[in-house]
Every structure is written in C-alpha cells, then in structure tokens.
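Enquirer: coordinates only, sequence not included:
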C-alpha cells in the first residue's frame, strides 16, 4: 500500500469541556479527492485545522508524507500543502493580482521561483479572475474574493490541497468550473480535501466522502456507500432522498420535503 | 485660415492616452519625493534668523566634500551657523520624520489596522515616560545613550502591552485599538505628570519640552545616537516588507504561506520600538506623522509594503523638514513646538482621511 500524502490517526480535540473531535482518523492519498461533509458543528473545519497543523490535537497524530506535521518547518510545509480558509479578508486594499502572487511566497529562493508569473497567470485564469487583476480586493464581490483566495491557493502549486468550503460564496457556474480545476489538479497527482455543504457537489466531484457528525466519523467510503438516504436522514436530522440521474446515473441528494412536511404534521 | 489651422486639435488626441501604470506612478513618486526632500533640506538649512541663500548652502556642502564649486556663505557666521545648528537640525528632522512614518507603517501592518500609530496607541508616550524617568532619576548607565536606551525599553514594553490588550481572536478591531490607546496614553500621561512633580526645575523643563515635541537644540552628538537606532529600524522595516504583505491576509493564511507569524510580530514590534525610541529620545512626542504619511503614500502607491516603506521614509522626512521649517520661521524669534504643529495639521487631516476611508470601499470594514 502506498504511503498516504496526509494521515490523521485518532485525532481528538477538546476545548474546555467540549469535545470537538473524538478519535478521528483519515488517510488521503495522492490522486484522491476527499469530501468532508456533515451538519453544522460536526467538526469539519476543526479537522481541517488539525490537518494543516494550525491546531495541535489533544491526542492523536497528523503525518504529512509520513512525517509528523509538527516536525516540518512552516516554509517546508507551505511547499507541500496549500490551505483555503473560510475567511477572505485582507487588511489593506491589495489588488487581486498581488493577492494571488502572495501564493508564490513559499517558492522564493527556489528554482520554482522562475515559474511565478506562469503559475499566477494560470491560477488566475483557472479561477476566472484574470480580468480583476488590477481591481482592489475590497471592491470585489464575495464570490470574486473567494475565487481570488482560491487562485492564491492554486498558485502555491502544492501536492496537497486543503479547501474549506471553496464553493460557499460561488454561483452554480463558478462552483462547477472551480471544482473542475481542483479535480484536474487531483487527477494530475495532488491529494485534495474539500469541506462542502452541497452534497451534490461532493457526489459529483469527490472520490471519497467522509461524513462527520458531532466530532466523530460516521462513515468513510465511496460516494455510493456514504451518500445513502438512511444515513444522511439520520445525521442531518431531516429526511433526505438520494436519487439517480436519469441519464448519467450520478447521485442526486435532495431534502425530502414531502416526508418532512408529513412529519411536522404528525408532531 | 492659418490660425484656425494651428488651433485645430492635433491628430494625436484622438488616440487613447497610454494608461498611467502603478509602476510609473511609483517611480514618479520616488523621483518627486527625493527631489523635494533635497530642495526642502537646502531651503530649511538656509532659513532662519541668519538667512543663507540657496546657492551658498549648496556651495558650503560641496566645499565640505572637497568640491570647490559654488559660493561659500557670505556672512561671517554663516558657515558656523550652518554646520553647528542648521544641518544637525535638518538631519534630525529627516531621521525623526523617516522613523515615525515607517514606525506607523510597520504598526499598521503588524496590527492589520490602518489606524495604528505610535502616538495614537500610546507607544510614544510610553517611550517618553521611560526617557523622562532617566532624566529625573539621573540615570547614566549607558552614557550618552541612556535616555535613548530608556526610550527604547519604554516603547518596547508599551508596544507589547498594547498588542496584548488590543488583540482578540487573532485580530485587532479598530475600536479596541483606539480605546486601548486612550487608556495607555492616560496612564503614560499620569506617569509623566508624576515625574514632572518629582523632578527638579531643569528636569521639568526637559519633560515639558518632550510633551510638546521639538527639534530645537538638535546637536551633532545627538544625531550620532539617533542615526544608528533609526538606521537599524529602517533596514529591518525594508527587510520585513514582503512578510508584512503576507500578514495582511490574516494570521492563518500567512502561516500557511510559510510565515512564522508570532515570531515575525515580535521582531516587528522590536523594530517599531527602535524607531519610536529614535524619534522620541531627543525630540519628544511628534504625533500623527506615522498615521498621515503612510495613508497619503498608500493613496499613490497602493498598500504593497515593498514600495510603501521606502516611500514613507522619504515622505516622512520631507514632511518633518517642512514642518520644522514652519515651526521655527512662522513666528519671528519664536520656536513653535513641532508636536503641536503636526497635531494641529494632522488631527483634522486624519479626521478627513477617516471619513474618506469609510466612504470608499478601499477602507476598513
């Protein structure tokens, strides 16, 4: 078995009396896109923080390419993994192009520095922000800011991508193009973890789904295995129906509003 | 007929004019600031109760450097006035102006907050308290450097205190920062008052002079103390500029790009304390320079620190050379306090900037 690019073993996170993560384990291999799903407060972002090394778990370990994340220097780590956080605030009104270029910082002083212009241009093209290059970030819309942040992450050109809700602020069209770009990176050999709320996006783009609930892994497996009506209805505490697309056969996850209305009447 | 022909618009105007790129604007700004600084310094050195014409100031400088060009000062005391009084004072204005403007830019970068500034958050006052204590208690542990060393320690401690008090959840809210500044300034003001009460007449005079802020009495020996402090702080600021850009993304994204955020913050705070000490130890509290200059420069250059920091150096130096020139020539036979002057002009200008920043989307939310 190949060594996973990213491995978490028995990770628990406690803040005060609250247990945010309870013995969660996760392997992500190169060429694999894992979707982290679950209801609000399930611990998805907390798990991502542990995987990035931002948060030191109460117990458990995180390895990047087989080496504990704590043993990497921040500079080395920044050349291995890029992270998209949920917040896209910038303290000063930098132009979009400058923000994307900041993603190249880890490569300063390395031979890859010569690719800066190329990578920045490619990432901006991929995230459809090329026309915004001169615009100051605070004047951009929420979706434009999110795409700028993602372009910065892609410009970093790392083998591991950890993306916290990359599509949260994006419209349908941009969500699709952006996830297609991430998918292309993964197909080219990157290891990807994305936190998504839209289960249809998870079904369409991920190889594997990890379903978290109240800090625990409820399911970890293929799309068909995890995205089932029973499991999702239980975890989301709302009736969910999972259908097959009549043409492609892909999974469609929808809230079952008829059952929900009936349940409300019965209560 | 010929006239109408001449007045006809040239064909060129129908073509779109080439856009002014940010790079060209930046180059133009550096050229303009450098030239203005040189001219202002020469004018400032020539002005005063004993006026020395522009060409004679230039001539005097050139002769010092072994170039026999231009006339020497015609007044018998001209040469001495220039070299023992005027040049040290202009030199001090340049160092203090550059230090304060860059200290402001650094603080704004490290707090991620365009309102941070040594005098607003109370770092200047903290440095002044420590320096005043050195005077009142007659400390001499570091010789001529004692006052500057105390100012540095005072500034460093105050910056850390402000940093610790005003930060919550990894960011500094504008309101928290300003309120922290009010509290820190109040405490520092009380301590200064206490030192004023404890000190003898001579010490009192010196402390009062500080609170007002002035370049009066700048001597060559002081310059030798201030210059290394300022130089160290300015060199550090230039070295930090790329990392300051990353910090604007926020703590976590900066970390993900390989920046050791906490360590870098501490380094920057030390640089701010160095620069503040350089400015405060002999010249007292000159407020608002660190706020106004970076704001104005950002309007031209944008927020990138690699351009902002060097431009702030030049613009801060220029501002203080001009302000000091006004301070000592506006009223005949009187040397107005420089700090009063910068606050008088800087306060309202700051208020205007504040409103402008809130209106345009380029400001802070």
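Expert: Arrived safely. Please read all numbers here as calculations on a predicted model, not as lab measurements.
Enquirer: ok, the most centrally placed residue in chain B to residue B:38 distance?
Expert: Taking Cα atoms, centre = their mean, the centroid of chain B lies closest to residue B:100, which sits 2.7 Å from it. Distance, residue B:100 to residue B:38, using Cβ to Cβ, to the nearest Å: 20 Å. Quick note: C-beta positions are derived from backbone N, CA and C, even for glycine.
Enquirer: one more: residue B:298?
Expert: Applying Cβ to Cβ, the value for residue B:298 to residue B:38 is 24 Å.
Enquirer: low-confidence bits of chain B, can you list those?
Expert: The model of chain B has pLDDT under 70 over residues B:1-22, B:169-172, B:174, B:353, B:356-365.
Enquirer: mind checking the longest helix of it?
Expert: As assigned by DSSP state H, the longest helix anywhere in chain B is helix B:220-247.
Enquirer: buried set for that one?
Expert: Neighbour counts over helix B:220-247 (16 or more other Cβ atoms under 10 Å in any protein chain shown) mark B:222-223, B:225-226, B:229-230, B:233-234, B:236-237, B:240-241, B:243-247 as buried.
Enquirer: ok so, going back, nearest residue to the residue nearest to the centre of chain B other than its sequence neighbours?
Expert: Of all residues not flanking residue B:100 in the chain, residue B:289 sits nearest, at 4.0 Å (Cβ to Cβ, 6 or more residues apart in numbering or on different chains).
Enquirer: can you pull the contacts of that neighbour?
Expert: Taking Cβ atoms under 8 Å, 6 or more residues apart in numbering or on different chains, we find residue B:289 in contact with B:97, B:100, B:101, B:104, B:316, B:319, B:320, B:342, B:346.
Enquirer: cool, and residue B:231?
Expert: Under the criterion of Cβ under 8 Å, 6+ apart, the contact list for residue B:231 is empty.
Enquirer: count of neighbours near residue A:30?
Expert: By other Cβ atoms under 10 Å in any protein chain shown, 18 other residues sit near residue A:30.
Enquirer: now do the SS call for it.
Expert: coil (DSSP: H, G, I helix; E, B strand; the rest coil).
Enquirer: show me what contacts it?
Expert: With Cβ under 8 Å, 6+ apart, residue A:30 has these contacts: A:2, A:5, A:159, A:189, A:190, A:191.
Enquirer: hang on, the earlier thing: who has more neighbours out of residue B:298 and residue B:38?
Expert: residue B:298 (22 against 13).
Enquirer: where do the strands of the chain begin and end?
Expert: Defaulting to chain A. A:6-15, A:18-28, A:33-37, A:59-64, A:67-68, A:81-84, A:160-164, A:191-195, A:208-213, A:216-222, A:240-244, A:251-255 (DSSP state E).
Enquirer: the chain in question should be chain B.
Expert: Going by DSSP E, chain B shows strands at B:167-168, B:171-172.
Enquirer: what's the neighbour count on residue B:287?
Expert: Neighbours around residue B:287, by other Cβ under 10 Å: 25.
Enquirer: how about the closest residue to residue B:311 other than its chain neighbours, what does it touch?
Expert: In space, and not counting its chain neighbours, residue B:311 is closest to residue B:297: 4.7 Å by Cβ to Cβ, 6+ apart. Residues near residue B:297 by Cβ under 8 Å, 6+ apart: B:29, B:105, B:308, B:311, B:312, B:315.
Enquirer: if you set the cut-off to 6 Å instead, what comes out?
Expert: B:308, B:311, B:312, B:315 (Cβ atoms under 6 Å, 6 or more residues apart in numbering or on different chains).
Enquirer: for residue B:316, see how far away it is.
Expert: Counting by Cβ to Cβ - residue B:297 and residue B:316 are separated by 9 Å.
Enquirer: can you check residue A:139 too?
Expert: Where residue B:316 is concerned, residue A:139 sits at a distance of 28 Å (Cβ to Cβ).
Enquirer: more crowded one of those two?
Expert: Counted by other Cβ under 10 Å, residue A:139 and residue B:316 do not tie: residue B:316 has more neighbours, with 32 against 15.
Enquirer: wait, isn't that one in contact with residue B:99?
Expert: No - taking contacts as Cβ atoms under 6 Å, residue B:316 lies outside contact range of residue B:99: 7.5 Å.
Enquirer: count of residues packed around the residue in the stretch 51-200 of chain B that chain A sits nearest to?
Expert: The stretch 51-200 of chain B approaches chain A most closely through residue B:112 (3.5 Å), counting by Cβ to the nearest Cβ. By other Cβ under 10 Å, the residues close to residue B:112 number 22.
Enquirer: what about the spatially closest residue to it that is not a sequence neighbour, neighbour count?
Expert: Counting by Cβ to Cβ, 6+ apart, residue B:112 lies nearest to residue A:91, which is 3.5 Å off, once chain neighbours are set aside. By other Cβ under 10 Å, the residues close to residue A:91 number 21.
Enquirer: looks like residue A:91 contacts residue B:110 (just checking).
Expert: No - with contacts counted by Cβ under 6 Å, residue A:91 stays clear of residue B:110, the gap being 10.0 Å.
Enquirer: okay, the closest residue to residue B:160 other than its chain neighbours and chain A: tell me how far apart.
Expert: In this structure, residue B:160 finds its nearest non-sequential neighbour in residue B:269, 6.3 Å apart by Cβ to Cβ, 6+ apart. The gap separating residue B:269 from chain A is 17 Å, by Cβ to the nearest Cβ, to the nearest Å.
Enquirer: any idea how far the spatially closest residue to residue A:55 that is not a sequence neighbour is from residue A:148?
Expert: Residue nearest to residue A:55 in three dimensions, not counting chain neighbours: residue A:49, with 4.0 Å by Cβ to Cβ, 6+ apart. When distance is defined by Cβ to Cβ, residue A:49 is 22 Å away from residue A:148.
Enquirer: settle it for me: which of those two has more neighbours?
Expert: Per other Cβ under 10 Å, whichever of residue A:49 and residue A:148 has more neighbours is residue A:148, with 27 against 22.
Enquirer: the more buried one and residue A:94 touch, don't they?
Expert: No - counting by Cβ under 6 Å, residue A:148 does not reach residue A:94; the two are 9.6 Å apart.
Enquirer: what's near enough to touch the closest residue to residue B:153 other than its chain neighbours?
Expert: Spatial nearest neighbour of residue B:153, chain neighbours left out: residue B:130 (5.7 Å); criterion: Cβ to Cβ, 6+ apart. Residues near residue B:130 by Cβ under 6 Å, 6+ apart: B:150, B:151, B:153, B:154.
Enquirer: follow-up on the earlier one: quick one, which of the contacts of residue B:297 are buried?
Expert: B:308, B:311, B:312, B:315.
Enquirer: a markdown table for those residues, including distance to residue B:212?
Expert: Output for the buried ones among the contacts of residue B:297, formatted as a markdown table (distance: Cβ to Cβ, whole Å):
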| residue | distance to residue B:212 |
| --- | --- |
| B:308 | 30 |
| B:311 | 29 |
| B:312 | 24 |
| B:315 | 23 |
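Enquirer: what residues does chain A put near chain B?
Expert: A:54, A:74-75, A:78, A:83, A:85, A:90-94, A:102, A:105-106, A:136, A:138-139 (Cβ under 6 Å from any Cβ of the partner chain).
Enquirer: just the buried ones from those, in PyMOL syntax?
Expert: To isolate in PyMOL the members of the residues of chain A next to chain B that are buried, counting by 16+ other Cβ under 10 Å, one can use:
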select buried, chain A and resi 74+75+78+83+85+90+91+92+93+94+102+105+106+136+138
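Enquirer: distance of residue B:351 relative to residue B:293?
Expert: Separation of residue B:351 from residue B:293 (Cβ to Cβ): 16 Å.
Enquirer: what separates the longest helix of chain B from the chain centre, distance-wise?
Expert: 11 Å (Cα atoms, centre = their mean, to the nearest Å).
Enquirer: what's the answer for stretch A:156-167, then?
Expert: Here stretch A:156-167 shows a centroid-to-chain-centroid distance of 6 Å under the convention Cα atoms, centre = their mean.
Enquirer: all helices of chain A, in order?
Expert: Applying DSSP H to chain A gives helices spanning A:44-52, A:74-80, A:96-102, A:116-126, A:142-155, A:172-187, A:199-205, A:223-226, A:229-236, A:257-266.
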